[in-house]
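Visitor: Sequence plus predicted model, see below.
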Amino acid sequence: QVQLVESGGGLAQAGGSLRLSCAASGRTFSSHAMGWFRQAPGKEREFVASISWSGAITRYADSVKGRFTISRDNAKNTVYLQMSSLKPEDTAVYYCAARRGGTTTLQSDYTSWGQGTQVTVSS
C-alpha cells in the first residue's frame, strides 16, 4: 500500500480556482491508479475524478467535467486536482485514493486513502 497526504485545500470564491495535491510515499506509486473523491456536509462521499497509472486515461464525474482536471507526476509521486470555475456546491472534504490496477469510479475498489483536505467555496 501507499500512504497518501493531501494538501492545497482552503477557501475560494465562486468562479475561482484551487489546486489540490496528493503526495504518495512508497516505490510503487507509478503502478497505482489514483482517484479523487469528496464528501460534503450531510452527504455521502462521491467520486470526482480518476487517472490511470500512466496518466493516459482519466475519468470525471459529470458535475465537474470541463471544470476540474486530474493529472499526475510519477517522478514526484504526486497526483493533482486542478479545480476551476468553482461553485459553492463544490464545498467538501476532498480525499485522494490509490489502487493497483486500472482506474475506476468505485470507492470500494481503492485500498489506500488520505486524510482529506477541506475546500470551501463562498458565493
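Guide: Received, thanks. Numbering: from 1, shown residues only.

Visitor: what's the burial count for the residue nearest to Ala14 when sequence neighbours are not counted?
Guide: With Cβ to Cβ, 6 or more residues apart in numbering as the criterion, Ala14 has its nearest non-adjacent residue at 5.1 Å, and that residue is Ser123. Glycine gets a C-beta too; all of them are placed from N, C-alpha and C. For Ser123, the neighbour count with other Cβ atoms under 10 Å is 9.

Visitor: go on, Pro41?
Guide: For Pro41, the count of nearby residues is 7 (other Cβ under 10 Å).

Visitor: Just list the residues touching it, thanks.
Guide: 91-92 (Cβ atoms under 8 Å, 6 or more residues apart in numbering).

Visitor: ok, the helix or strand hosting Glu6: who's next to it in the sheet?
Guide: Element membership of Glu6, judged by DSSP states H and E, is strand 3-7. Counting by DSSP bridges, the strands paired with strand 3-7 are strand 18-25 (antiparallel).
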